[in-house]
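In: Sequence plus predicted model, see below.
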Amino acid sequence: MNRASDLTALEHRYGAHNYHPLPVVLAEGEGAWVTDTEGNRYLDWLAAYSALNFGHRHPRLVAAAKAQLDRLTLASRAFRTDALGPFLSALAELCGKDAVLPMNTGAEAVETAIKAARKWGYTRKGVAAGNARIAVFDGNFHGRTTTIVGFSSDPDSREGFGPFAGGFDSVPYGDIDALGAAIGPDTVAVLIEPVQGEAGVIVPPAGYLRAVREACDANGVLMIADEIQSGLARTGHTFACDREQVVPDVYLLGKALGGGIVPVSAVAADREVMDVFTPGTHGSTFGGNPLAAAVGTEVVAMLATGEWQARALELGEHLEGALTGIEGVDEVRVCGLWAGIDLAAGGPTAREVCERAARMGLLCKETHDRTVRVAPPLVIEPDEIDRGVAILEQAIGG
Ligand SMILES: *Cc1c(COP(=O)(O)O)cnc(C)c1O
């Protein structure tokens, strides 16, 4: 037995089996590369589901974290800290919103927005107590809490975990008439991923986000954009909503906001929505902690110049070119440096392709049976994209 198999056995023996990881045991990471316990190197094309947009251990982010580690790491929100204000103001400015509420995980940001939208509906829109409804979309992924999985359309996410919270109406993604029909007088919000990541990088038809915005405006409904995976430069823009110049009422951010170092999530909105929260109505012990704030502030500073967004756009075009015409592929959807690759029926499954690719030095992850989702860190170089696509091609072909 080598060290990797010992560690695999240990993890399996003592861990819950809620994941089915690829058979690699990683020990180090730098930029777009990771190294396993045996010293094998891999290109990381999952980038922790876009939490590693800036790559592994980006020097600026590590420096910001280290500096903060030497001063103050946690205080709780019972006290103010010198790290929080600068983070909130920088992120509010990046979002073009009045205010930011910091949490930790993406699911918590979604839960926070659900609470905000309901209370906004009762106090500002005049919806009768207990009646607020939120429109969501088939194929959505917003996290793993009981409320959130309650409106998932994925049976594995739901089964055995009920009873679920009511008040959600799910409609087909990309169908504006279906959304219009689902919005009623008690609808307080539409919760949408501007690109559905887990569903397989599903990009809605052109004009759709704009139409969603218009439907929200026409009905006095909040548009909540879950940009936890699509936001912060992944699609070649700060937000995927920018692709259609759409400004939602509420942005939900997470993943890359933590710089690949710590969990940081946030809700950004204008005062009319944010001020539904008053002391005691919402909170989090770790939300907005100094370490998270320091890293988040540096992430925002990096994004403020636009260079990462431009890089994602450019590299995305390169990726799209490289992926074009690969055999054994039915459809490729590319959005910035992010792609869903649907494998043709009769060939290997997405899981098999990911396992083969891993053996050849490329890490990516299946989503559903026949889709491989790739999201390389934005620090990747064009020749590394070519190298990864060559491996994928080989993995699909044989
Ligand atoms: C990952 C993700 C979440 C949940 O984030 P966690 O940090 O895993 O709780 C929510 N929404 C979207 C779109 C995501 O991709």
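Out: Received, thanks. Owing to the predicted nature of the structure, the values given are computational and were not obtained by experimental measurement.
In: tell me which residues form a beta bridge with residue 374?
Out: Taking DSSP bridges as the rule, residue 374 bridges to residue 339.
In: Pick out the residue of the protein closest to the ligand.
Out: residue 106 (2.2 Å; C-beta to the nearest ligand atom). C-beta here means a position set from N, CA and C on the backbone, and glycine is covered the same way.
In: Ramachandran angles for that residue?
Out: The phi/psi pair for residue 106 (degrees, to the nearest 10) reads phi -60, psi -40.
In: mind listing what it touches?
Out: Residues near residue 106 by C-beta atoms under 8 Å, 6 or more residues apart in numbering: 142-143, 226, 228-229, 252, 254-255, 265.
In: got it, and residue 174?
Out: Counted by C-beta under 8 Å, 6+ apart, residue 174 has contacts 202, 204-205, 208.
In: let's see it at 10 Å
Out: Residues in contact with residue 174 (C-beta atoms under 10 Å, 6 or more residues apart in numbering) are 137-139, 196, 202-205, 208, 212.
In: what do you get for residue 293?
Out: By C-beta under 10 Å, 6+ apart, the contact list for residue 293 reads 64, 68, 81-88, 90-91, 102, 262, 264, 287.
In: Model confidence for it, exactly?
Out: Residue 293 carries a pLDDT score of 98 in this model.
In: related to what we said a few turns ago, pull the most distant pair out of the contacts of residue 106.
Out: 142 and 255 (12.6 Å; C-beta to C-beta).
In: who touches both of the two?
Out: 106, 228.
In: Flag every residue of the stretch 51-200 of the chain that's near the ligand.
Out: The stretch 51-200 of the chain comes close to the ligand at residues 105-107, 110, 141-143, 193, 197, as judged by C-beta under 6 Å from any ligand atom.
In: Out of these, which sit inside helices?
Out: Of these, the ones assigned to helices by DSSP state H are 106-107, 110.
In: Residue 312: what's it in contact with?
Out: With contact taken as C-beta under 10 Å, 6+ apart, residue 312 is in contact with 53, 232-237, 319, 335-338, 376, 378.
In: Just the ones of the residues you listed in helices?
Out: Using DSSP H, those in helices are residue 319.
In: on that earlier part again, ignoring the adjacent residues along the chain, who's closest to the residue of the chain closest to the ligand?
Out: residue 254 (3.5 Å; C-beta to C-beta, 6 or more residues apart in numbering).
In: can you pull the pLDDT of that neighbour?
Out: Here, the pLDDT recorded for residue 254 equals 98.
In: Just to check, it is in contact with residue 109?
Out: Yes: with contact defined as C-beta atoms under 10 Å, residue 254 reaches residue 109; the gap is 5.5 Å.
In: Mind listing the shared neighbours of these two?
Out: Joint contacts of residue 254 and residue 109 (C-beta under 10 Å, 6+ apart) are 103, 143, 226-228, 264-267.
In: For the contacts of residue 312, give me TSV that also has distance to residue 247.
Out: As requested, these are exported to TSV (distance: C-beta to C-beta, whole Å):
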residue	distance to residue 247
53	22
232	16
233	18
234	18
235	16
236	17
237	12
319	28
335	19
336	19
337	23
338	21
376	28
378	23
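In: Between which two of the contacts of residue 312 is the distance greatest?
Out: Using C-beta to C-beta, the pair of those lying farthest apart is 232 and 319, separated by 18.0 Å.
In: do you know how far residue 354 is from residue 38?
Out: According to C-beta to C-beta, to the nearest Å, residue 354 and residue 38 sit 19 Å apart.
In: more neighbours, these two?
Out: The neighbour count for residue 354 versus residue 38, taken as other C-beta atoms under 10 Å, is higher for residue 354 (24 against 11).
In: quick one, what contacts that one?
Out: Contacts of residue 354 were listed using C-beta under 10 Å, 6+ apart, and they are 22, 45-46, 348, 362-367, 372-374, 392, 395.
In: Shouldn't it be within a helix?
Out: Yes: assigned with DSSP: H, G, I helix; E, B strand; the rest coil, residue 354 falls within a helix.
In: Which stretches in the stretch 101-250 of the chain count as strands?
Out: Here the stretch 101-250 of the chain has its strands, by DSSP state E, counting those that start in this stretch, at 133-137, 168-171, 187-192, 222-226, 250-253.
In: my guess is residue 39 contacts residue 2, does it?
Out: No: the pair residue 39 / residue 2 is not scored as a contact, 11.3 Å apart, by C-beta under 10 Å.
In: coming back round to it: need the ones in helices among the residues of the stretch 51-200 of the chain next to the ligand in a markdown table with pLDDT, can you?
Out: As requested, those are exported to a markdown table (pLDDT from 0 to 100):
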| residue | pLDDT |
| --- | --- |
| 106 | 98 |
| 107 | 98 |
| 110 | 99 |
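In: just those residues now: which is nearest residue 98?
Out: Among these, residue 110 lies closest to residue 98 (C-beta to C-beta), at 20.2 Å.
In: Make sure that closest one is actually in contact with residue 254.
Out: Yes: if you go by C-beta under 10 Å, residue 110 and residue 254 touch, sitting 8.8 Å apart.
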